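K.L.:
Predicted structure and sequence below. I'll ask about it afterward.
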Amino acid sequence: MPPCGCTPTRSKLTQVLMNLLSNAIKFSHDQRVVEVRVNQPDGDTIAFCVVDHGIGMADKDLKRIFESFLQLDSSHTRKYDGTGLGLAITRKLTELMGGTITVESTVGAGSSFTVTLPVLPPDSVLAANNAAQPTA
């Protein structure tokens, strides 16, 4: 992923997007389409939105989904695998990059996760990405 001028490191942004995409695919019914939208609502931020048309979540659960090790269905017959860490990690990485994550969801209709990050000058991003690279 080339530097985009929006995040301190490519690896953090890549992890955030992979976590959201993985969940969107996992919780979508019958391989439905998953959407990724990118926009710049103003000159200071960029927003990445991952939308699925899957099982969705109840309003009462939305406040808890970013907790570590949380599975909304913790029964022994649950249908979906996972550790319950993906969204907790996603939120933490987003916050480390100076951003926010929000979610909207409707049971039976799907979910929309939006990560909003500050836009940094491209030279700041390049310096941060270079600093994050392992040295030989």
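P.N.:
Yes, it's here.

K.L.:
State whether Val91 is indeed within a helix.
P.N.:
Just to correct that, residue 91 is Arg rather than Val. Yes - according to DSSP: H, G, I helix; E, B strand; the rest coil, Arg91 belongs to a helix.

K.L.:
from what I can see it touches Arg64, true?
P.N.:
No - under the criterion of CB atoms under 8 Å, Arg91 makes no contact with Arg64, lying 11.9 Å away. No exception for glycine: its C-beta is placed from N, CA and C like everyone else's.

K.L.:
So for those two, which sits in the more crowded spot?
P.N.:
Set side by side, Arg91 and Arg64 show more neighbours around Arg91, with 21 against 11, by other CB atoms under 10 Å.

K.L.:
List the residues that contact the more buried one.
P.N.:
Phe66, Ile101 (CB atoms under 8 Å, 6 or more residues apart in numbering).

K.L.:
Next one: it relative to Leu117, how far apart?
P.N.:
13 Å (CB to CB, to the nearest Å).

K.L.:
And Ser11, by the same measure?
P.N.:
14 Å.

K.L.:
So for the two, which residue has more residues nearby?
P.N.:
Leu117 (23 against 14).

K.L.:
Mind listing what's buried along the host helix or strand of Asn19?
P.N.:
Element membership for Asn19, per DSSP states H and E: helix 10-26. By neighbour count on 16 or more other CB atoms under 10 Å, the buried set for helix 10-26 is Arg10, Lys12, Leu13, Gln15, Val16, Leu17, Asn19, Leu20, Asn23, Ala24.

K.L.:
out of the residues you listed, which one sits closest to Val50?
P.N.:
Val50 has its nearest neighbour among those in Leu20, at 4.1 Å by CB to CB.
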